[in-house]
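[1] Got a sequence here, can you model it:
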Amino acid sequence: DMKRYFIIITLILSLSACTDDIIIDVQEGPQLVGVSGHITNEYKKHQIVLSRTADFYSNDEITMISDAEVFIYDGIDTIYFEETEQKGYYETVDSVAGVIGRTYNLNINIIDEEGLHHYHAQSTMKDNITQIDSIIIKEVAMGGLQFDVLGAYAYFQSNSDPSINYLINAAINDSLLNESLLRCTSYSLAGASGFYINGPEFIKLFGELPLQMFGNDENDNPILNEGDKVTLYLYSVTPEFSKYISDVNGNIGSNPMIGMPHNVSTNIYPQGVAVGFFEAASVVKSTVIY
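    This next block holds a predicted model:
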């Protein structure tokens, strides 16, 4: 009725007339220790990065943590790290390869003016697929529509465990598209677990699934040229790590009115004095020439 419309219009006009500046007092929290790192079943030197958190609106350079004692114990062996020339970056002393099914315990000891502080995390390396059988790179089509992008379609028997999440990274001519796993695309197959990915039954129920997109100068997808070597990396990770990646990428921005920042998940202990994530991830890779 007219009375209801009048009330609604009056409310809108009243709200639009509010032009006073709103000052938001963002409380500064304590400075925490930040931990970022993972170990995989690749034979190489693995890395842990240590820093201290900064206030959301701070423009100061991130403080990296030096002279820490960092090691991983897997119930059988102790894997030691040493600080590199880059402050706050620690690498394994020797090249090592993680083992699927083994639980890895990260230990960090930091001494400052207040004394010794110990931080720890635990992660079990989840099973992965046996292999990627093949990769086909072709134009992406959905619902009968063609898109001006290429997709890398991988064919493999997925693991039956629905709790496994997959991270996808790619390299073009041995140059990685994402230097950090935090920038990789995450997939949870959930109800599709156990299917042969991109096989006839999978396509019938879910449609084709491109794991990596390639494009042209008009979009943000990496450029792919004929003759390029494309390598797909498929990491098997925990749902908790996938959530952490989502939390981190969801905190990009500086406007608190749209709900950011928010507290990200973490598996670093003790809680309340450290943040970040340590993950044991297994990986399978395969290469194709476009």
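
[2] Please report the distance of the residue lying closest to S66 once chain neighbours are set aside from V248.
    Across the structure, with C-beta to C-beta, 6 or more residues apart in numbering as the measure, the residue nearest S66 apart from its sequence neighbours is K87 (5.3 Å). Where C-beta positions appear, they are placed from N, C-alpha and C, glycine not excepted. With the distance defined as C-beta to C-beta, to the nearest Å, K87 ends up 22 Å from V248.

[3] neighbour-wise, which of those two wins?
    Shown here are K87 and V248; by other C-beta atoms under 10 Å, V248 has more neighbours (17 against 13).

[4] just checking, what packs against the helix or strand harbouring the more buried one?
    V248 belongs to helix 239-249 when assigned by DSSP states H and E. Under the contact criterion of 3 or more C-beta pairs under 8 Å, 6 or more residues apart in numbering; DSSP states H and E, the helices and strands touching helix 239-249 comprise strand 165-172, strand 185-188, strand 274-289.

[5] Taking strand 165-172 as reference, get the angle to that helix.
    Helix 239-249 and strand 165-172 meet at an angle of 60 degrees, taking axes from the mean of the first three to the mean of the last three C-alpha atoms, to 10 degrees as the criterion.

[6] For stretch 106-121, buried residues please.
    Of the residues in stretch 106-121, those buried under the neighbour-count criterion (16 or more other C-beta atoms under 10 Å) are 106, 108, 110, 119-121.

[7] Sorry, wrong one. I was asking about stretch 81-90.
    Buried residues in stretch 81-90, counting neighbours by 16+ other C-beta under 10 Å, are found at 81, 83, 88-90.

[8] Could you export the helices and strands packed on helix 239-249 to TSV, including columns for mean neighbour count?
    Supplementary listing: those in TSV, determined by neighbours: other C-beta atoms under 10 Å:
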stretch	mean neighbour count
strand 165-172	21
strand 185-188	16
strand 274-289	20
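
[9] Comparing these by mean pLDDT, which bottoms out?
    Mean pLDDT is lowest for strand 185-188 out of these, coming in at a mean of 89.

[10] chain center to it: distance?
    Put simply, strand 185-188 sits 9 Å off its chain's centre (C-alpha atoms, centre = their mean, to the nearest Å).

[11] tell me what that strand is packed against?
    Taking 3+ C-beta pairs under 8 Å, 6+ apart as the contact definition, the neighbouring helices and strands of strand 185-188 are strand 165-172, helix 239-249.
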